[in-house]
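Visitor: when you get a sec, could you give me coordinates for this:
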Amino acid sequence: MEEIRRQLTLFIENETIEKVRVKFNPAQHALISAHVTLCREDELEDLDTIIANIKSLKINKPIRIIFNDVERFENGKGALIPACKEGTPLVNHANDHFHNLRDAILISPRKHLPHITLMHPRNSTCTDSIFEEIKSFKLPATLFFNKISLIEQKSGGKWKVLDEFSL
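Guide: Just a heads-up that it's a prediction; the model follows:
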């Protein structure tokens, strides 16, 4: 049986992020463009209600996410850019836009720290020298998003956009 995964995603248009992904994780880059996952597949069980919630949104400005410096995860095998954590000096409520959007879309969302995966541990390995090289890139501290994309992956293949919703 074919495995189908769906997610709500905020795609990123940033040349530097894509350069890092192409150079250090071409396999993942080939599957999906740089993005911040808004809602994972297990959160989309009632997709019709979620889409209705998205369509009823009244947002008059882009969703802003403020990021920290790149860090390693999964025992150092992967690399990501995490969003600022609440409670960090000068960034209290920094990513409320993201969390408020999840609250408006999902019935009972779990806490989810937004992030950008640069190297996915499923198909890459971040060595110490690679990590130092990634840290030398000028990566964005803040990104703005104007649309939500509903995406789908079949049997581990390339993710495809099924629908897009302007904010």
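
Visitor: helices of the protein, start to end?
Guide: Ranges of helices in the chain, per DSSP state H, are 15-24, 26-31, 47-55, 96-105, 128-135.

Visitor: how about these in CSV, adding mean neighbour count and distance to Asn146?
Guide: No exception for glycine: its C-beta is placed from N, CA and C like everyone else's. Below are the helices of the chain laid out as CSV (neighbours: other Cβ atoms under 10 Å; distance: least, Cβ to Cβ, whole Å):
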stretch, mean neighbour count, distance to Asn146
helix 15-24, 16, 17
helix 26-31, 15, 23
helix 47-55, 13, 13
helix 96-105, 17, 12
helix 128-135, 13, 27
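
Visitor: will you turn those into CSV that also has mean pLDDT?
Guide: Output for the helices of the chain, formatted as CSV (pLDDT from 0 to 100):
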stretch, mean pLDDT
helix 15-24, 98
helix 26-31, 98
helix 47-55, 96
helix 96-105, 91
helix 128-135, 98
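
Visitor: stretch 124-144: end-to-end distance?
Guide: End-to-end distance of stretch 124-144 (Cα to Cα, to the nearest Å): 28 Å.

Visitor: before we move on, what about stretch 61-74?
Guide: 34 Å.

Visitor: and stretch 48-61, by the same measure?
Guide: One end of stretch 48-61 to the other measures 25 Å (Cα to Cα).

Visitor: chain center to it: distance?
Guide: Between the centre of stretch 48-61 and the centre of its chain there are 19 Å (Cα atoms, centre = their mean, to the nearest Å).

Visitor: same question, stretch 17-32
Guide: That offset, for stretch 17-32, works out to 14 Å (Cα atoms, centre = their mean).
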